[in-house]
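**Student:** here are the coordinates; sequence isn't available:
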């Protein structure tokens, strides 16, 4: 039995608590928040769970093996660091930290102490994203050409992070998982803050990869409609992933181009001979529908028990934060490319 | 009665010829193409129309007042220039020319000779785009915050121009019309050519404006599904324009944010008080459904008769080409911003 | 404070209990079910609620003012009757009873004892259905011509009632509310039981009204996709109500026909002059999004306190059951019309 | 080379003429209509085609092998009969005739003279309907349980036929083809004429079959939205056919129920054990996209040349008209079942 505590009972904390309450092998010991009125809600719903606003005391509690951090991003680093220093494993909401350097330090600290970090990249544990990875790995898509995502809605404006940190983080986590072996090398981002003094509420992010692959994410807190739609294009097949579809979230199109071997010295018409189009069936595979957070927590607990790295470990969190940081820098320079190598070197 | 000739009977030429054939006040005199087998088709369908592969002879024909240029982009400039020099008005397919300099020279030549240039920005003449302009001009949207368009499909790869010149040109023309008084100042674009030796088949284009406005266009020749969808966001209302909807192409959402007058020195929680959300009704206005090209040609002919500038005149064509050129330059530099002033100066 | 008990903790009972638990002015005293393992779940989630499998004892409990009946349809009548006889108000799941006669007797019993019956026609309390009633009552639709509903999915086959009692009951309840003053006079229904020994799993129901109005309901437990779509057509406007739309459940179309006053003796072409079409804007009003069951229970409790009839009282339940019964009879005779008067007289 | 004439140049005639003009092996000799202003249009578009308002003269013309009848339904019989009597093959618009008796007489007349009748059930020649037949015949659906179609729009009110003859005719033709070997035995229909003196503009039609199969068609000239959607349910797979989908018109769902062999004497819970649900992948096969009318005419011409019966011959037209006639009779009696045997006997 793993003893757990949750710090932060705001937007996402209640989902964590509800799931941990029902996760086999977990004893939810305590919930910590500075807002005591939030804690009253916890006690009503979960009468056996303790509540506190004293994080230090919580870290001393020997019944607690893992601390789950669900506070605003700016506080992730210090809360997680202190938990690690107190010998606790940590589970951290996305994005992992506010800077690459912070993420790197948490990774280092955990490695030194042989502790497990899980980062809550929830989408990785959905049936849809797992199916995409499966299809990519099996080679069904052929060479992967692009990842193109739109993630917009009339959203909660945030004040401490821009819309890339709030929404594009999901796509970066998905890309990190769905495109194994693909190395992001540079980032260009543009965006605008429509309200003075606020962070950017609309942004466009391009990620360049080492190979013949490009990724793009369109995020917006000020859209009249909610869109969660990703195209994943390959040389042999292409996927449309629409997370708002009640069923059929993943559609696989047997479409693409064919390039024949016509000789290149045929003059101006050579290309019209070389490039052909191919259109075949569409197929929507049946997907697992277990709640992603439940799957994730179960795997995380199992990793803690065996001292193994989860699918979305601290390294994954770090890779995502590194791109978020580069994107914000590029956006400040109206799209000027930021090499990811150089970002890595500053850590 | 205006005498007209069409040069180029390839992809779009047949649409032009079919519409000109039925445009009141137009006498379609001749169709010119170097491929004589194409001309045979013209003679079968339109027995009274002459055909020729001799452009010089055509320019000598005193019955012809206007030459419509529907050839590949690279030849637009020379064909249009010679028509103007022969004293003919011209109607040019989009994009107007292959370079800003060429477009500027055509504009200058026409002005000098008091001739009319029309550029075929067809979308401007659709009921949907005209309704958007009407709503923007009436102030219904409030301050316009962004224009965000996705225009993708499994398309005909082109070999002389990249996907921005082929598809984003439509959005630039629409923005030029729908956002009157808004000054584009800089461009950042990214993209990739997946086939070696070919132009970019996927691209992302951001246009920065002088004011609190940003535009973005996502274009792709290699998408498994066809999308033609534009969000136009304002401070008071927002529009979703979906050109593939059989009816209800324009949906106006009474949604937005409200910013109240709370004092800014209230500490960290000030913003959560300042920004509120507003969601109201949605409304899909009935639209004109006349074929856009027919409307456009009718207006163009009327402009020629009165020596007036059409809505989409040479200046409009030039403004669009200027951004296309800057976008291509930015794309070569992986998103590095290109100021539009400097582009203008090179002309 | 109204003391309540729930009998039946199967499919819908948990929703009732969850809502009653949070309904202001309600004290949820007890939950009764014959399956003791179900009651264990209740005690875990709601530690202060008593559980029992002894309905007689429950009826003796003076703390209980209202009994909510959430058992299979066949037992509704006896359980509700005994509750009324014990002086309790009752809240009954849909459909109210298994026969018209039973419904009539409950109505009579409650009237005699001055007790309140509420029937759980949940849809009546949704924002969408209330908006339809509002538009009909305001005369926006003009004369109402038809109600046409499709309610199909791959559903839980039931064994005690056919698909009309399970699904069409919703539409009959909605029609009863949305079409005030419209008198249903006869019913024709067809259907088929694909599994031998089972009730009909697919059915088509037409309701004839006294005036220029017709209603139709298509229900099916064996459909590959879920559809919840109703057309409500009027002489001036028409509504599409799609309950699966996340927002915009109600779309109002300014469409219809116009009949002009051309004289009828004009020969064969008279009609083409008489009937015209009108197509205008579409409008999707913002709807209330409070959970319908919460709204319903709050109103029901208020009715009990004041001894008032709820919107969906026993009479409403009776009117719906009367049509369900007639429909089943018609279906057995492959669509032969069943007059609703004669059904009424048998009671 | 087959010589053809078209009589009737109203709504559908122009489509016929345009297609015949381009059908290989066809010489379109003449177009006949009583409205001479319509004929002028023909001469402009097709300068080599003769026009006439003298049907008798046309029937004398030895160059004409086939007469295509595209006039209002009420005149189909006489025009076709006279063509057959003049030794011409006939191609008749749907519905074939206004009564079963008329259809039977045409079939008899053609048989006697060894002439070919084609009935223009265009949908049979679409890629979508052919794919459905192919899947049914291959047994992919298992036992076919139901055909359920919705075909509504804001349509042209007709004055000589009701909405069943105008719209449901398509579904009856499709069912006739897609469900080979299934014998329709009886019909129940309901409907309403909202405009006094006009035919029914809204109708609901149930067709009972000899086996475990039921069909239903919902047709409406007064709907705010256009719907063309058919469910075809089987024991193993189910199809959704949406004719308004630009691609993916046919979706095949690997969904259904499973009935296991639990013994029937297990008491009330037996059924919950017997019936299970199965949900698997969805698949949208690539379809042929050739224009259906072109395919149909090509096949028809080939049948004429070889004196073979087309897929949609006079017998098919007769079978469809027989159901239309029975439906109209049932509708007059508010759904009372009409046996198709008895209808057959009256012929």
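**Tutor:** The structure has been received and is ready for your questions. This is a predicted model, so every value here is computed, not measured.
**Student:** and the lengthiest strand in chain A, what's its mean pLDDT?
**Tutor:** Looking across chain A with DSSP state E, the single longest strand is strand A:222-234. Strand A:222-234 shows a mean pLDDT of 97.
**Student:** now check it, is it near chain D?
**Tutor:** No. In terms of Cβ under 8 Å from any Cβ of the partner chain, no part of strand A:222-234 sits within range of chain D; the closest distance is 15.8 Å. Using the backbone N, CA and C atoms, a C-beta is placed for each residue, glycine as well.
**Student:** what's that strand packed up against?
**Tutor:** Applying 3 or more Cβ pairs under 8 Å, 6 or more residues apart in numbering or on different chains; DSSP states H and E, one finds that strand A:222-234 contacts helix A:127-137, strand A:144-154, helix A:169-178, strand A:238-242, strand B:144-154, strand B:222-234, strand B:238-242, strand B:250-259.
**Student:** deepest of the ones you listed, which one?
**Tutor:** helix A:169-178 (a mean of 25; mean count of other Cβ atoms under 10 Å in any protein chain shown).
**Student:** follow-up on the earlier one: pull up the pairing partners for the longest strand of chain A, direction included.
**Tutor:** strand A:144-154 (antiparallel), strand A:238-242 (antiparallel) (DSSP bridges).
**Student:** minimum distance to residue A:177: which of those has it?
**Tutor:** Closest approach to residue A:177 among these (Cβ to Cβ): strand A:144-154, 11.4 Å.
**Student:** following the chain onward from that closest one, which element is next?
**Tutor:** Next along the chain after strand A:144-154, taking DSSP states H and E as the criterion, comes helix A:163.
**Student:** quick one: residues in contact with that next one.
**Tutor:** By Cβ atoms under 8 Å, 6 or more residues apart in numbering or on different chains, the surrounding residues in contact with helix A:163 are A:155, A:191, A:199-203, A:219-221.
**Student:** which residues touch residue A:252?
**Tutor:** With Cβ under 8 Å, 6+ apart, residue A:252 has these contacts: A:135, A:140, A:237-239, A:282-285.
**Student:** before we move on, which element is the spatially closest residue to it that is not a sequence neighbour in?
**Tutor:** Leaving aside its sequence neighbours, residue A:252 sits nearest to residue A:283 (Cβ to Cβ, 6 or more residues apart in numbering or on different chains; 4.8 Å). Using DSSP H and E, residue A:283 sits in strand A:275-284.
**Student:** who does that strand pair up with?
**Tutor:** Assessed with DSSP bridges, strand A:275-284 is paired to strand A:250-259 (antiparallel), strand D:275-284 (antiparallel).
**Student:** including mean pLDDT, could those strands go into CSV?
**Tutor:** Formatted as CSV, these follow (pLDDT from 0 to 100):
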stretch, mean pLDDT
strand A:250-259, 91
strand D:275-284, 89
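**Student:** which one of these lies nearest to residue D:305?
**Tutor:** Nearest to residue D:305, of the strands paired with strand A:275-284 and by Cβ to Cβ, is strand D:275-284 at 36.3 Å.
**Student:** how far does stretch A:145-158 sit from its chain's centre?
**Tutor:** 13 Å (Cα atoms, centre = their mean, to the nearest Å).
**Student:** can you point out the buried residues in the longest helix along chain A?
**Tutor:** Longest helix in chain A by number of residues (criterion: DSSP state H): helix A:314-332. Residues of helix A:314-332 classed as buried: A:314-328, A:330-331 (neighbour count, 16 or more other Cβ atoms under 10 Å in any protein chain shown).
**Student:** next one: it, is it in contact with chain B?
**Tutor:** Yes. Counting by Cβ under 8 Å from any Cβ, chain B has neighbours in helix A:314-332: residue A:330.
**Student:** which residues touch the very next helix or strand once past that helix?
**Tutor:** Per DSSP H and E, helix A:314-332 leads on to strand A:338-339 as the next helix or strand towards the C-terminus. Outside strand A:338-339, the residues that touch it by Cβ under 8 Å, 6+ apart are A:185-188, A:326-327, A:329-330.
**Student:** ok, and of those, which contact chain C?
**Tutor:** Of these, not one also sits near chain C (Cβ under 8 Å from any Cβ).
**Student:** can you tell me how far the residue of the stretch 201-347 of chain A found nearest chain B is from residue C:28?
**Tutor:** Residue of the stretch 201-347 of chain A nearest chain B, by Cβ to the nearest Cβ: residue A:335 (3.1 Å). From residue A:335 across to residue C:28, the span is 59 Å (Cβ to Cβ, to the nearest Å).
**Student:** the two: which is more packed in?
**Tutor:** residue A:335 (30 against 25; other Cβ atoms under 10 Å in any protein chain shown).
**Student:** now the angle from the longest strand of chain A to helix A:169-178?
**Tutor:** Using axes from the mean of the first three to the mean of the last three Cα atoms, to 10 degrees, the inter-axis angle of strand A:222-234 relative to helix A:169-178 is 10 degrees.
**Student:** mind putting the strands paired with strand A:275-284 in CSV, distance to residue D:82 included?
**Tutor:** Formatted as CSV, these follow (distance: least, Cβ to Cβ, whole Å):
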stretch, distance to residue D:82
strand A:250-259, 52
strand D:275-284, 46
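**Student:** name the nearest of the contacts of helix A:163 relative to residue C:52.
**Tutor:** residue A:155 (47.2 Å).
**Student:** can you read off the pLDDT for the closest one?
**Tutor:** 82.
**Student:** grab the nearest non-local neighbour of the residue nearest the centre of chain A.
**Tutor:** Of all residues in chain A, the one closest to the mean position by Cα atoms, centre = their mean is residue A:173, 3.2 Å from it. Of all residues beyond its chain neighbours, the one nearest residue A:173 is residue A:121 (3.7 Å), with distances taken as Cβ to Cβ, 6+ apart.
**Student:** for burial, what's the neighbour tally of the one you found?
**Tutor:** 28.
**Student:** how much space separates it from residue A:318?
**Tutor:** Using Cβ to Cβ, one obtains 12 Å as the distance from residue A:121 to residue A:318.
**Student:** which element, helix or strand, includes residue A:91?
**Tutor:** Using DSSP H and E, residue A:91 sits within strand A:89-93.
**Student:** how big is the angle separating the next helix or strand after that strand from helix A:314-332?
**Tutor:** Next along the chain after strand A:89-93, taking DSSP H and E as the criterion, comes helix A:100-113. Our comparison of helix A:100-113 with helix A:314-332, counting by the same axes, to 10 degrees, yields an angle of 170 degrees.
**Student:** helix A:100-113 packs against which elements?
**Tutor:** By 3+ Cβ pairs under 8 Å, 6+ apart, helix A:100-113 packs against helix A:76-85, strand A:89-93, strand A:117-120, helix A:314-332, helix A:340-346.
**Student:** turn the ones you listed into a markdown table, including mean pLDDT.
**Tutor:** Shown next, in a markdown table, are the helices and strands packed on helix A:100-113 (pLDDT from 0 to 100):
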| stretch | mean pLDDT |
| --- | --- |
| helix A:76-85 | 98 |
| strand A:89-93 | 98 |
| strand A:117-120 | 98 |
| helix A:314-332 | 97 |
| helix A:340-346 | 51 |
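**Student:** would a markdown table of the ones you listed with distance to residue D:179 be doable?
**Tutor:** Shown next, in a markdown table, are the helices and strands packed on helix A:100-113 (distance: least, Cβ to Cβ, whole Å):
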| stretch | distance to residue D:179 |
| --- | --- |
| helix A:76-85 | 62 |
| strand A:89-93 | 56 |
| strand A:117-120 | 53 |
| helix A:314-332 | 54 |
| helix A:340-346 | 60 |
